[in-house]
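Visitor: make a model of this:
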Amino acid sequence: MSQKSKITKLKFQNQEYTLNFIESSQVKEGVTCDVYSIQETDAFDLGVVFVEKGKSTPNQKVLKGEKTFEIFEQGEGSLIINKGQTDEEVYAFSEESENMEITVNINQTMQWQASDGSDLMFYEICYPPYQDGRFENIEE
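Guide: Numbers count the residues shown, from 1 in each chain. Model (predicted):
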């Protein structure tokens, strides 16, 4: 899984979009995010997130935005979504997994974890495009 090659196309909800790379940022140790704008629309943007084996993204609460889609792309790991105090969903992914779109709503928390034996890559699509304050990191 190479972070050096940037993607140029996105197939999302049966449409193909042309991507414009904006920047790479280090989210935390072992987690980086490549940010893209969408040439055909400014309704949403894309983050391509790389998680090194054994690492995890911050546990984040969605504070605003219309829709947040989490989409497994490659590698092996899991996505944990907390929908309430006792309502937790865990999605496990491997190379054989389908690239399903998982919606995370406002006031829900999410955290991706790469398995100990594999890196993980996923897409995060934000409607409207990401702005600071959309997510809050929750103490672990």
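
Visitor: which ones are touching the most centrally placed residue in the chain?
Guide: In the chain, the residue lying closest to the centroid (C-alpha atoms, centre = their mean) is residue 124, at 3.3 Å. For residue 124, the contact set (C-beta atoms under 8 Å, 6 or more residues apart in numbering) comprises 33, 46, 47, 48, 49, 68, 69, 70, 71. Every C-beta, even on glycine, is put in place using the N, C-alpha and C of the backbone.

Visitor: how close does it sit to residue 134?
Guide: 10 Å (C-beta to C-beta, to the nearest Å).

Visitor: if I look at the two, which residues touch both of them?
Guide: Jointly contacting residue 124 and residue 134 under the rule C-beta under 8 Å, 6+ apart are residue 68.

Visitor: any idea how far the residue at the greatest distance from the centre of the chain is from residue 56?
Guide: No residue in the chain has its C-alpha farther from the mean C-alpha position than residue 86, which lies at 23.2 Å (C-alpha atoms, centre = their mean). Residue 86 sits 22 Å away from residue 56, going by C-beta to C-beta.

Visitor: quote the end-to-end distance of stretch 27-40.
Guide: For stretch 27-40, the separation between the terminal residues is 27 Å (C-alpha to C-alpha, to the nearest Å).

Visitor: for it, buried residues please.
Guide: Residues of stretch 27-40 classed as buried: 27, 30, 31, 32, 33, 34, 35, 36, 37, 38 (neighbour count, 16 or more other C-beta atoms under 10 Å).

Visitor: again, but for stretch 40-54
Guide: Residues of stretch 40-54 classed as buried: 44, 45, 46, 47, 48, 49, 50, 51, 52, 53 (neighbour count, 16+ other C-beta under 10 Å).
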